[in-house]
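> no sequence on this one, just coordinates:
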C-alpha cells in the first residue's frame, strides 16, 4: 500500500507492531508502548509512551493483559497522534481517559468474580473474533441473523476459551454446523426463538430473549468467567437494532444481580 500510494514528496511511512519496533515504527517493549518513529534518536533508542495497563484501562479490562488487537488499536491511534505533534507524554493520559463507545466491549457489571460484558456491536465474525480474544474463560451469548457467515473459525480458534454457548437468534443452523464440525461436546443452551414476540413497543422486542439468556448464563458462570454478549450476527431478527440488544442485555444483567 505504501509503495502504491500517491504521496507528496518528503512523506514517510510509519508502521506499528505488537512486537519490538524497528526504526520508523511504534511497538511494544516488555510492558511499554514505545516510539521509534517520531524521535531524533530512533536508530538507537525508543521513547516510552504508555503501558499495557493503560491500554487495558482504555479498553474496559483494567488489571488484565489486553488482547493483541487492542494493543494494535492503541498503537495506531498513538501513531496518528504523534504524526500531528501530540507529545509522547500525552499518549498515556489519553488512553487513561478514553471511554469505549456504547456496546463495544463495555463491562456492565462484576459480581462474585464474574464479569458481564456487552459487545453487542460485534455483529460479524471479525468483530466477534477480536472480542473472544480478549478473555480467557467465556460463557458466550451469540446468535442472530448470520447473513451467510461461516462461524467455524471462531470455534476452532477459541474453543479452549469457551465454557458454554448460550444461543439466541431465530436461525441457529450456521452455528450448529460450526459446532458439529469443531467442538461437538460444547455445552449449548438454546433460547427459544418464540420469546422474541413483538410487544407493540419496538424497543422491548426481544426483551424476554435477553432475560432468558442472562439467566441461562448465570446458571453456568462461576468466578473467573466472563459472560460475553458478542453475537457475531446482526440483530434485526429479534431486536430493533444492536443498540437495543445491548441495552436490554445491560438491563437484564442488573435485574438479575439486583443492582
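Noted; the coordinates are in hand. This structure is a prediction, so every number in the text was calculated from the model and none was measured.

> what helix or strand is the residue lying farthest from the centre of the chain on?
What lies farthest from the middle of the chain is residue 9; by Cα atoms, centre = their mean that is 38.4 Å. Assigned by DSSP states H and E, residue 9 belongs to neither a helix nor a strand.

> how far away is residue 62 from residue 18?
Between residue 62 and residue 18 the computed distance is 19 Å (Cβ to Cβ, to the nearest Å). (Each C-beta comes from the backbone N, C-alpha and C, glycine too.)

> how about residue 253?
32 Å.

> number of nearby residues for residue 155?
21 (other Cβ atoms under 10 Å).

> let's verify it: helix, strand, or coil?
What DSSP: H, G, I helix; E, B strand; the rest coil gives for residue 155 is helix.

> picking up where we left off before, who has more neighbours, residue 62 and residue 18?
The neighbour count for residue 62 versus residue 18, taken as other Cβ under 10 Å, is higher for residue 18 (17 against 13).

> quick one: pLDDT of residue 193?
What the model reports as pLDDT for residue 193 is 88.

> actually residue 35, not the one I typed
In this model, residue 35 carries a pLDDT of 98.

> what number of residues lie near it?
Per other Cβ under 10 Å, the neighbour tally for residue 35 reads 25.

> do you know how far the residue lying closest to it once chain neighbours are set aside is from residue 95?
Spatially, and ignoring its direct neighbours in sequence, residue 35 is nearest to residue 47 (4.5 Å; Cβ to Cβ, 6 or more residues apart in numbering). Residue 47 sits 15 Å away from residue 95, taking Cβ to Cβ as the criterion.

> which SSE is residue 129 in?
Here residue 129 sits within helix 125-132, counting by DSSP H and E.

> one more: residue 108?
Here residue 108, judged by DSSP H and E, is contained in strand 106-111.

> that strand - contacts with which helices or strands?
Under the contact criterion of 3 or more Cβ pairs under 8 Å, 6 or more residues apart in numbering; DSSP states H and E, strand 106-111 touches strand 114-118, helix 242-257.

> helices of the stretch 101-250 of the chain, residue ranges please.
For the stretch 101-250 of the chain, applying DSSP state H, counting those that start in this stretch gives helices covering 125-132, 152-158, 173-182, 207-220, 242-257.

> let's have these in JSON lines, adding distance to residue 31 and mean pLDDT.
What follows is the helices of the stretch 101-250 of the chain, written out as JSON lines (distance: least, Cβ to Cβ, whole Å; pLDDT from 0 to 100):
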{"stretch": "helix 125-132", "distance to residue 31": "21", "mean pLDDT": "94"}
{"stretch": "helix 152-158", "distance to residue 31": "25", "mean pLDDT": "97"}
{"stretch": "helix 173-182", "distance to residue 31": "34", "mean pLDDT": "97"}
{"stretch": "helix 207-220", "distance to residue 31": "32", "mean pLDDT": "96"}
{"stretch": "helix 242-257", "distance to residue 31": "31", "mean pLDDT": "96"}
